[in-house]
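# following is a predicted model, sequence given first.
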Amino acid sequence: MKKVLVIVPFNLDEQGIANRKAQMDEVELGPGIEFDFRGVKAGPALFDSYHDFALADVALFEAGIDAQSEGYDAVCIDTMSDSGMNALRSSLEIPVIGPGKASFLMACLLGHKFSVLTQWDPWKALYSKAAREYGLTDKLASVRSINKPPDVANLLGGKEEDIFPLLLDAGLKCVEEDGADVICMGSTTMHQSVPYLQENLPVPVVNPGPLTYKLAELVLGLGISHSKTAYPSPHVPKPEMLHALQEGAAAVDQMVAS
């Protein structure tokens, strides 16, 4: 049995993690693989700025740094920011898959140009940053947002009648006005809307979280991982520093919350 760790970018309670784990229902996987979902000890609140991007890199890096020694065969990042992915690839030999890069490249496989459909304006910088880093700015037709603040714990539950039509309207504009022939969902927090959009939009809709699970199964089945030439290991690894940083951050968060 292969084991995959999915790192959730927030410190969520059991119900919050369950809402993330519900993405498993949206992909068919073989019987020889299982997934564990783990939140970070402390991290950003909303991913609304470069401030939060930096905090997320540290938080997800620390949450996955021991995955290989814990017996996991692969790691999936549960945020389109791909936070911590490069650092984890540098530190681990097992596959580490981020949904941002995976979604953009899958969109290029399925079509010529893609748009990112997202929920909130402050997230827009995230996709432009990723497109630049991955050399795909010429493939990005547009980023459209319905500008509704996210609920990172409850996601879109209970908001379907309000949010889904807005996403559909924005998605149609991506296709009809911007020239997109594939839509990438801008966040794993939006996964509940994907079946509705796949049914009503005239182009493929890439669901980032389930895509990473299927890719983990694929690379493990093929027996391949990321290149250690591209992601060289550190000569002086410091996992203890990472753990201390996050334990301190968690203590500060608890103190502020109380």
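Happy to help now that I have it.
# okay, CA-based contacts and neighbour counts for the rest of this
Will do.
# now tell me what touches stretch 173-191 from outside.
With Cα atoms under 8 Å, 6 or more residues apart in numbering as the test, stretch 173-191 has contacts from 20, 23, 78-80, 103-104, 107, 110-119, 127, 141-144, 150, 152, 155-156, 171, 194, 203-209.
# what's the first-to-last distance across that stretch?
20 Å (Cα to Cα, to the nearest Å).
# identify the residues contacting the most centrally placed residue in the chain.
By Cα atoms, centre = their mean, the chain has its centre lying nearest to residue 79, at 2.3 Å. Counting by Cα under 8 Å, 6+ apart, residue 79 makes contact with 8-9, 98-100, 187-188, 209.
# ok, now residue 128?
residue 137.
# the helix or strand where it lies: how far from the chain's middle?
Assigned by DSSP states H and E, residue 128 belongs to helix 124-133. Relative to its chain's centre, helix 124-133 lies at 13 Å (Cα atoms, centre = their mean, to the nearest Å).
# do the same with stretch 168-180
Relative to its chain's centre, stretch 168-180 lies at 23 Å (Cα atoms, centre = their mean).
# also stretch 195-214?
Per Cα atoms, centre = their mean, the centroid offset for stretch 195-214 relative to its chain is 14 Å.
# run through who's touching it.
Residues from elsewhere that reach stretch 195-214, judged by Cα under 8 Å, 6+ apart: 23-24, 26-29, 76-80, 97-100, 102-103, 106-107, 110, 164, 167-168, 171-172, 175, 181-185, 187-188, 191, 194.
# show me which of these are buried.
Neighbour counting over these (16 or more other Cα atoms under 10 Å) leaves 23, 76-80, 97-100, 102-103, 106-107, 110, 164, 167-168, 171-172, 175, 181-185, 187-188, 191, 194 as the buried ones.
# now, which of these lie within helices?
99-100, 102-103, 106-107, 110, 164, 167-168, 171-172, 175, 194 (DSSP state H).
# JSON lines for those residues, including distance to residue 88 and pLDDT?
Supplementary listing: these in JSON lines, determined by distance: Cα to Cα, whole Å; pLDDT from 0 to 100:
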{"residue": "99", "distance to residue 88": "14", "pLDDT": "98"}
{"residue": "100", "distance to residue 88": "15", "pLDDT": "98"}
{"residue": "102", "distance to residue 88": "16", "pLDDT": "98"}
{"residue": "103", "distance to residue 88": "19", "pLDDT": "98"}
{"residue": "106", "distance to residue 88": "22", "pLDDT": "98"}
{"residue": "107", "distance to residue 88": "24", "pLDDT": "98"}
{"residue": "110", "distance to residue 88": "28", "pLDDT": "98"}
{"residue": "164", "distance to residue 88": "35", "pLDDT": "95"}
{"residue": "167", "distance to residue 88": "33", "pLDDT": "97"}
{"residue": "168", "distance to residue 88": "35", "pLDDT": "98"}
{"residue": "171", "distance to residue 88": "33", "pLDDT": "98"}
{"residue": "172", "distance to residue 88": "37", "pLDDT": "98"}
{"residue": "175", "distance to residue 88": "35", "pLDDT": "98"}
{"residue": "194", "distance to residue 88": "28", "pLDDT": "96"}
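# and the helix holding residue 128 with helix 99-110, angle?
If you take axes from the mean of the first three to the mean of the last three Cα atoms, to 10 degrees, helix 124-133 sits at 60 degrees to helix 99-110.
# could I get the CA-only coordinates of the helix or strand that helix 124-133 is followed by as PDB?
Sequence order places strand 140-145 as the next helix or strand after helix 124-133, per DSSP H and E. Taking Å, rounded to 0.1, in the frame of the first residue of the first chain, the C-alpha atoms of strand 140-145 are listed here in PDB:
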ATOM      1  CA  LEU A 140      -2.400  32.500 -19.500                       C
ATOM      2  CA  ALA A 141      -5.400  34.000 -21.200                       C
ATOM      3  CA  SER A 142      -6.800  35.700 -18.100                       C
ATOM      4  CA  VAL A 143      -7.500  35.600 -14.400                       C
ATOM      5  CA  ARG A 144     -11.100  36.300 -13.400                       C
ATOM      6  CA  SER A 145     -12.400  36.700  -9.900                       C
END
